[in-house]
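Chemist: I'd like to go over a predicted model; first the sequence, then the structure.
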Amino acid sequence: MYLNTFAQDGQPLDMTGTDEFRSLLASAADLGIPHGTAARYRSCNIVLRQMRFHFLEWGEADAPAIVLLHGGHQSAHSWDLVSLHLAQRYRVLALDQRGHGDSEWARDVTYSNHEMSLDAEAFIQAMGLVRPVLVGHSMGGRNTMLLMRRNAMPLRGAVIVDVGPELSDKGRAAIAGFVQVNQEFDDLEDFVRNVRRYDPYRSRAHIERTVKYNMLQRADGKYISKCDSNPRRLGIVRASGPQENITLQDAAGFGLPVLLVRGANSSILAADAAERFAAALPRGQLVTVPDCGHNVHGQNTKGFIAVLDEFLETLDG
């Protein structure tokens, strides 16, 4: 049983009348997130590459487009506060990537960054987006970089959040460990406590408001992760071939404006690795956001929005 509301068919669902939207507005008020008084916010489905994908659409259809790609074991809703803010000026599309959120699981358990980047490319093309800005966090950032490396389509710019060619093995292992022990619970309270210990930057109230996007309730009453937990997927070792790896040499070929955002206390992207990545980007800039770790936009949303707004203004100008 799903704990959240989303479109069940091909017809978009207006989310502005739901309790979830009211809960989001409460979080925005708590955190002081600026946003408009009337937001266009819809849950939608689309079929791409023989799979059903769910996405959230914010803002007016004729506004400049921004596509948001979430991190691993997260969902399109991880961007909700950012999307609410951006919807004042942009058309924002947050995609639930395969095996995540309310999108379909891959029948062949194929979850490589390469395949996910092809999904993102197909999504942008199917939606008819012209030179969107692409924003990717962690896994979504890797997918963004692979799409950029292929020069698949013209982009106005890209924002890469706390990921790069050189990552900390220790930090990646810590995330994998957290994911593997948080698959099944008798009570949602147990999951909330684990998240709070793992992520001290977010308030308990905010975690409680968003837990519905991470879990399902099974017929036996237990709560399980919404992300595909097939043992084959959990045991995946990222491929080391040219389709998957991003190098500093690849970054030197990214000719568009790129903002690299690092969490000051990130356990994934070390400061020196971020500096090398930014130096390799022909039109890149590095900004470190304080008071957060790897999940920058969720742990210091105001700080993330501030640097994102500044970057977008340079593109708009």
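Modeler: Ah, there it is.
Chemist: how deep is the closest residue to G99 other than its chain neighbours tucked in, by neighbour count?
Modeler: Closest residue in space to G99, ignoring its immediate chain neighbours: D228 at 3.8 Å, by CB to CB, 6 or more residues apart in numbering. (Glycine included, C-beta is placed from N, CA and C.) A count of nearby residues for D228, using other CB atoms under 10 Å, gives 18.
Chemist: which residues does the residue nearest the centre of the chain contact?
Modeler: Centroid-nearest residue in the chain: H70, 1.3 Å away (criterion: CA atoms, centre = their mean). With contact taken as CB atoms under 8 Å, 6 or more residues apart in numbering, H70 is in contact with 76, 78-79, 94-97, 100-101, 137, 139-140.
Chemist: For the helix or strand hosting V179, list every residue counted as buried.
Modeler: Per DSSP states H and E, V179 falls inside helix 169-180. Buried residues in helix 169-180, counting neighbours by 16 or more other CB atoms under 10 Å, are found at 171-172, 175.
Chemist: what distance separates that helix from the centre of its chain?
Modeler: The chain centroid and the centroid of helix 169-180 are separated by 18 Å, computed with CA atoms, centre = their mean, to the nearest Å.
Chemist: where does A158 land in three-state SS?
Modeler: strand (DSSP: H, G, I helix; E, B strand; the rest coil).
Chemist: Tell me what it is bridged to.
Modeler: L134, V258 (DSSP bridges).
Chemist: what's around it, how many residues?
Modeler: Neighbour number of A158 under other CB under 10 Å is 25.
Chemist: Next up, the contacts around the residue nearest to L308 when sequence neighbours are not counted.
Modeler: Leaving aside its chain neighbours, L308 sits nearest to V159 (6.5 Å; criterion: CB to CB, 6+ apart). Residues counted as contacts of V159 (CB under 8 Å, 6+ apart) are 133-136, 258-259, 261, 308, 311.
Chemist: Need the pLDDT of V159.
Modeler: pLDDT, V159: 99.
Chemist: Quickly note the distance from it to K226.
Modeler: 25 Å (CB to CB, to the nearest Å).
Chemist: swap in F304?
Modeler: Using CB to CB, one obtains 24 Å as the distance from F304 to K226.
Chemist: and stretch 191-210, average pLDDT?
Modeler: For stretch 191-210, mean pLDDT is 93.
Chemist: circling back: which residues are contacting the helix or strand following the helix holding V179?
Modeler: Using DSSP H and E, the helix or strand that follows helix 169-180 in sequence is strand 184-185. The contact list for strand 184-185 (CB under 8 Å, 6+ apart) reads 191, 215, 222-225.
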